[in-house]
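Visitor: here is the input, now give the coordinates:
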Amino acid sequence: MKKLGLMAVAALFAVAAFAQTTTTATKTPEEKAQMKDLRKDVRAYNKQKAAAKQDINKGDLAGAKADLAAAKADKKEIKADAKVLKSEGVDHPIKLADKQVKKIDEKAVKTDIKDISADKVAEQKAVKAGDIKAAQADQKDIKADRKDLKKDIRQARRDGIKHPVRRAK
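Guide: Model (predicted):
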């Protein structure tokens, strides 16, 4: 009898658990625009902090103070945007924006690496085929892609990714 009672209680709990509906959070266009603005503010803040650090290392204290003042203004904008997003129901908007920025940076590095490898393969095929002009064009593409990769790596490091190339693999 005891087992039958426990089975009935367990069945009731199972039915109650399955009966609950989950609400899916649909993001409004305003919310998406505000998150995009928050991501831009986070990037600007990271850029200003990095510029201040470079100025300090160079010994340019006046430039560093100006960069830190700009970073402080960006931080105020971030907090204001976060407050608005919290009132709309977004949990931890600053943390979410940081994650999104890092994800975007990793994706950019990954696509640059794929472009470089594809251009290398195309160059090798052009060399085997004896098409010198195509090989030279592929070399120029590789050079441009490496430049983009360096820029994206710098931006990813500035945004808090420690080893962007390793993470992209």
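
Visitor: for this protein, which segments count as helices?
Guide: 2-19, 29-58, 61-87, 93-129, 132-158, 164-168 (DSSP state H).

Visitor: would TSV of the ones you listed with mean pLDDT and mean neighbour count be doable?
Guide: Any C-beta I mention is one placed from the backbone N, CA and C, and that applies to glycine too. Formatted as TSV, the helices of the chain follow (pLDDT from 0 to 100; neighbours: other CB atoms under 10 Å):
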stretch	mean pLDDT	mean neighbour count
helix 2-19	82	9
helix 29-58	92	16
helix 61-87	94	15
helix 93-129	93	16
helix 132-158	93	15
helix 164-168	80	16
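
Visitor: is it true that residue 63 touches residue 55?
Guide: Yes - between residue 63 and residue 55 there is a contact under CB atoms under 8 Å: 4.1 Å.

Visitor: between these two, which contacts overlap?
Guide: Counting by CB atoms under 8 Å, 6 or more residues apart in numbering, residue 63 and residue 55 have no common neighbour.

Visitor: tell me how this structure divides into domains.
Guide: 26-91, 92-169 (automatic domain parsing).

Visitor: now these as JSON lines including distance to residue 14?
Guide: What follows is the domains of the chain, written out as JSON lines (distance: least, CB to CB, whole Å):
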{"stretch": "domain 26-91", "distance to residue 14": "29"}
{"stretch": "domain 92-169", "distance to residue 14": "32"}
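
Visitor: how about those, which one is nearest residue 15?
Guide: domain 26-91 (28.0 Å; CB to CB).

Visitor: what's the burial count for residue 1?
Guide: 5 (other CB atoms under 10 Å).

Visitor: contacts only, for it.
Guide: So residue 1 contacts nothing (CB under 8 Å, 6+ apart).

Visitor: please tell me how far it sits from residue 8.
Guide: Remark: distance between residue 1 and residue 8 (CB to CB, to the nearest Å) = 11 Å.
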